[in-house]
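[1] Based on what follows, work out the 3D shape:
(chains A and B)
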Amino acid sequence: MKVSTQRRFIRAVSYAILITWSLALVFPMYWVVITSLKNPVDMSVKATFLPFIDFEPGLHAWRYLFVERLAWFMQPFSNSIVVAFISSGIALVVGSMAGYALARFDFSGKNNSIVLGFMAQRMFPGALFILAFLVMFRELKLLDTRTALVIVYAAGSIPFIVWVMRDFFEGLPIEIEESALIDGANRLVVIFRIAMPLAAPGLVAVFVLSLIGAWNEYIVALTLTFRDAITIPLFMQMQVSLTGYTEWWNMSAISLVGVIPVVVAGMALEKYITSGLTFGALKG
Amino acid sequence: MLLLPSLLMTTVLFIAPVAWTLYAAFTDLHLFRVGVETEWVGLYNFQKLLASSSFWRTVKNTVVFMLGVVPLQFVIGMVLAVCLDNITRGLKLFRTWFLMPLMMSPVVVAFVIGRMLFQEDIGPINSLIRWLGFEGVPWLTHPNWAMFTIMVIDVWQWSSFMTLMLMAGLQGVPYDLREAASIDGASFWQTFVRITMPLVLPIAATALLIRIIDAFKVVDIIMVLTGGGPGQATESVTLAIYRAGVKGGDLAFGSSQAYFLLVVMVVFGGAFLVLTRRTMSQTKD
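    Okay, here's the model as predicted:
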């Protein structure tokens, strides 16, 4: 009797804490949504909190973004999409092949060291690379191009993908692959027809995680791009620095467009993402 | 054969830059100076760095930031993970919702929270504070408050990461064990300290180490919020490296700062690992 009362109490407290934190997470989102619907006058004197009561919501920020300044805004947006998808695609193919190789073949007993070598790269600060990248891509005449970002982001995602996918492939039954090999299928067919489809959940997780990583990356984009190839985070920061006193309603709309795609993708694939995130970190 | 592309890519884009940066740190390489022989300058850049009070300021800022956010994220993350562990209904909903900040760009988070919510004149937080009859807080224009605001943003965004990691750890603690302890009369707190905590420790250590490393790299939120100001109050090492090397073109000096940052990270990371090792071997007894 005593135990169950105590447990009920603990549960109630737990819900209270969880709901409090959830609200702390909601409030900025609520604020950015309503701000994107505000008119300049709603923000000139004091803060307004409730649409229809405090202020009359309008779509003018959205019209500004998607009608008046579409080209201006579409450039960084499409840069982000192109860079994130292509770099993650490359990283996925290259990284999962390496993960497969490290799971199935023996590299004179050094497999674990190779994987650790890949993973050690995570430890290094980005600041250690940006100057070298700057010089390197200047020599290659690739500054301010999407190509430069694709190359860097792909290389940046590979270690994590190798790390996670190697374990994933090791967890798959080897018998199916062996019998296919005995039946005369060659190794590439086995990889792309048998192993990869079986590893689909892992592939989805690492793909989306590297997509999100590329979408949100900042310091490399700041170093390597400045006008044509800028991505959303850089674009936003530039707008903030440029205008100083910012046009909040427009910036709110940009913020929302900048986060909604990845947040929706991440939350829809919650199960995969959480396991990818924790698994990648935990297999230490 | 399958391994080759990844090895190639990481060699070109990881090992080569790291080696080049090391080389640059001992030269007088400059971005905007072309056609002049590059010379070895030995330890000159490092001497310059150690003598620079403004560089030490950025090191201090970065360490303060790390020591401010990581423990707080750990405590919040742990509380939330334990709460999630106590409930069944709505578990998936909370977990999905907690994932949300982790997907977001720090630039956007910094803008929305720092520039909008904490806006000093008409932001909602200062409005509420004034409505309650107090003075508005100079969230971004006072040196200490600016650092505080930056920390709040990082805590808002990354506490969930701790929660998800620690959740994974808690799920590994057999329920029977805790059940048995509570039947034997152990309180909730005793069970947590004696049984749950030691078993979660390895995962907690990994999560902490990841966050420590990430905290040392902080730059994007600072760039959006304060640009390092007021004065130099919130400038991180990475921001200083960007300013010296990319903006200022002093590749050599920037490189030496980057290596210094690596050393600081290794020292803190190493100390942390030694500490957790010791704690773990103690709790095993």
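[2] List the buried residues in stretch B:44-63.
    By 16 or more other Cβ atoms under 10 Å in any protein chain shown, the buried positions in stretch B:44-63 come out as B:44-46, B:48-49, B:55, B:57-59, B:61-63. The C-beta positions use only the backbone N, C-alpha and C, and glycine is treated the same way.
[3] err, stretch A:223-237, not the other one
    Within stretch A:223-237, the residues scored as buried using 16+ other Cβ under 10 Å are A:223-225, A:229-237.
[4] what subset of these is also close to chain B?
    A:223, A:232-234, A:236-237 (Cβ under 8 Å from any Cβ of the partner chain).
[5] Save these as JSON lines, and put in pLDDT too.
    Shown next, in JSON lines, are those (pLDDT from 0 to 100):
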{"residue": "A:Thr223", "pLDDT": "92"}
{"residue": "A:Ile232", "pLDDT": "92"}
{"residue": "A:Pro233", "pLDDT": "92"}
{"residue": "A:Leu234", "pLDDT": "92"}
{"residue": "A:Met236", "pLDDT": "88"}
{"residue": "A:Gln237", "pLDDT": "87"}
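[6] got JSON lines for the residues you listed, with secondary structure too?
    JSON lines is the format used below for these (DSSP: H, G, I helix; E, B strand; the rest coil):
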{"residue": "A:Thr223", "secondary structure": "helix"}
{"residue": "A:Ile232", "secondary structure": "helix"}
{"residue": "A:Pro233", "secondary structure": "helix"}
{"residue": "A:Leu234", "secondary structure": "helix"}
{"residue": "A:Met236", "secondary structure": "helix"}
{"residue": "A:Gln237", "secondary structure": "helix"}
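[7] and which of those is nearest to chain B?
    A:Pro233 (3.9 Å; Cβ to the nearest Cβ).
[8] ok, and the closest non-adjacent residue to the residue of chain A found nearest chain B?
    Proximity to chain B, evaluated over chain A using Cβ to the nearest Cβ, is greatest for A:Ala132 at 3.3 Å. In this structure, A:Ala132 finds its nearest non-sequential neighbour in B:Pro17, 3.3 Å apart by Cβ to Cβ, 6 or more residues apart in numbering or on different chains.
[9] pLDDT wise, what is that neighbour at?
    pLDDT for B:Pro17: 92.
[10] likewise A:Ala101?
    So A:Ala101 comes in at 91 (pLDDT).
[11] Quickly find the element holding it.
    Using DSSP states H and E, A:Ala101 sits within helix A:70-104.
[12] Around chain A, pick out the residues from the stretch 151-285 of chain B.
    Checking the stretch 151-285 of chain B against chain A by Cβ under 8 Å from any Cβ, the hits are B:156, B:159-161, B:164-165, B:167-168, B:182-183, B:188, B:203, B:206-207, B:210, B:213, B:216-217, B:219-220, B:223-224, B:227, B:237-238, B:241-242, B:245-246, B:251, B:254-255, B:257-259, B:261-262, B:265, B:269.
[13] Helices - which of the residues you listed land there?
    By the criterion of DSSP state H, membership of these in helices covers B:156, B:159-161, B:164-165, B:167-168, B:182-183, B:188, B:203, B:206-207, B:210, B:213, B:216, B:220, B:223-224, B:237-238, B:241, B:251, B:254-255, B:257-259, B:261-262, B:265, B:269.
[14] Write the ChimeraX selection for whichever of the residues you listed are buried.
    Selection of buried members from these for ChimeraX, criterion 16+ other Cβ under 10 Å:
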select /B:156,159,160,161,164,165,167,168,182,188,203,206,207,210,213,216,220,223,224,237,238,241,251,254,255,257,258,259,261,262,265
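[15] For the stretch 1-150 of chain B, which segments count as helices?
    B:4-10, B:16-25, B:44-51, B:53-86, B:91-103, B:106-109, B:124-131, B:143-171 (DSSP state H, counting those that start in this stretch).
[16] CA atoms only for the third one, dumped as CSV, please.
    Just to be clear, that refers to helix B:44-51. Extracted as CSV, the C-alpha positions of helix B:44-51 are listed here (Å, rounded to 0.1, in the frame of the first residue of the first chain):
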residue,chain,number,x,y,z
TYR,B,44,57.1,32.6,-32.4
ASN,B,45,53.4,32.1,-32.9
PHE,B,46,53.0,30.2,-29.7
GLN,B,47,55.0,32.8,-27.8
LYS,B,48,52.8,35.5,-29.2
LEU,B,49,49.7,33.6,-28.2
LEU,B,50,50.8,32.9,-24.6
ALA,B,51,51.7,36.5,-24.2
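[17] tell me, which of the buried residues of stretch B:44-63 make contact with chain A?
    Answer for the buried residues of stretch B:44-63 near chain A: none qualify (Cβ under 8 Å from any Cβ).
[18] which of the residues in the helix or strand just after the helix holding A:Ala101 are buried?
    Along the chain past helix A:70-104, the next helix or strand (assigned with DSSP H and E) turns out to be helix A:111-120. Going by neighbour count (16+ other Cβ under 10 Å), the buried part of helix A:111-120 is A:111, A:114-115, A:117-119.
[19] after helix A:111-120, next one along is what?
    helix A:127-139.
[20] Give me the contacts around stretch B:5-15.
    A:94-95, A:97-98, A:118, A:121, A:124, A:129, A:133, A:151-152, A:154-156, A:158-159, A:162 (Cβ atoms under 8 Å, 6 or more residues apart in numbering or on different chains).
[21] B:Ala205 reaches B:Thr276, doesn't it?
    Yes. Using Cβ atoms under 8 Å, B:Ala205 is in contact with B:Thr276, at 4.3 Å.
[22] sorry, back to before: hmm, A:Phe129 and the residue nearest to A:Ala132 touching each other?
    Yes. Using Cβ under 8 Å, B:Pro17 is in contact with A:Phe129, at 4.7 Å.
[23] what about the two, which has more around it?
    Neighbours were counted for B:Pro17 and for A:Phe129 using other Cβ atoms under 10 Å in any protein chain shown; A:Phe129 has more, 26 against 23.
[24] contacting residues around the more buried one?
    Counting by Cβ under 8 Å, 6+ apart, A:Phe129 has contacts A:220, B:13-14, B:17-18, B:21.
[25] that older thread, output the contacting helices and strands for the helix holding A:Ala101.
    Helix A:70-104 sits against helix A:111-120, helix A:146-170, helix A:200-216, helix A:232-243, helix A:248-268, helix B:4-10, with contacts defined as 3 or more Cβ pairs under 8 Å, 6 or more residues apart in numbering or on different chains; DSSP states H and E.
[26] Does the first one reach chain B?
    Yep, that's helix A:111-120 we're talking about. Yes. Contact between helix A:111-120 and chain B, assessed by Cβ under 8 Å from any Cβ, occurs at A:114, A:118.
[27] confidence score at residue 71?
    All of this is about chain A. For A:Ala71, pLDDT reads 84.
[28] Not quite, go with chain B.
    According to the prediction, B:Pro71 has pLDDT 96.
[29] what's around B:Phe94, how many residues?
    Residues near B:Phe94, counting by other Cβ under 10 Å: 21.
[30] how close does it sit to B:Met100?
    To B:Met100, B:Phe94 is 11 Å away according to Cβ to Cβ, to the nearest Å.
[31] Equivalent analysis for A:Pro76, please.
    23 Å.
[32] how about A:Trp21, what does it touch?
    Counting by Cβ under 8 Å, 6+ apart, A:Trp21 has contacts B:76, B:80, B:98, B:159.
[33] Among the residues you listed, find me the one that's closest to chain A.
    B:Leu80 (5.9 Å).
[34] pLDDT at the closest residue to that closest one other than its chain neighbours, what is it?
    Leaving out its chain neighbours, the residue that sits closest to B:Leu80 by Cβ to Cβ, 6+ apart is B:Thr163, at 4.3 Å. The model reports B:Thr163 with a pLDDT of 93.
[35] Assess the claim that B:Thr163 and B:Gly77 are in contact.
    Yes. Applying Cβ under 8 Å, one finds B:Thr163 in contact with B:Gly77, separated by 4.5 Å.
[36] Show residues contacting stretch B:270-285.
    B:197-198, B:201-202, B:205, B:208-209, B:212.
[37] Would you point to the one among the helices of the stretch 1-150 of chain B that's packed deepest?
    helix B:106-109 (a mean of 26; mean count of other Cβ atoms under 10 Å in any protein chain shown).
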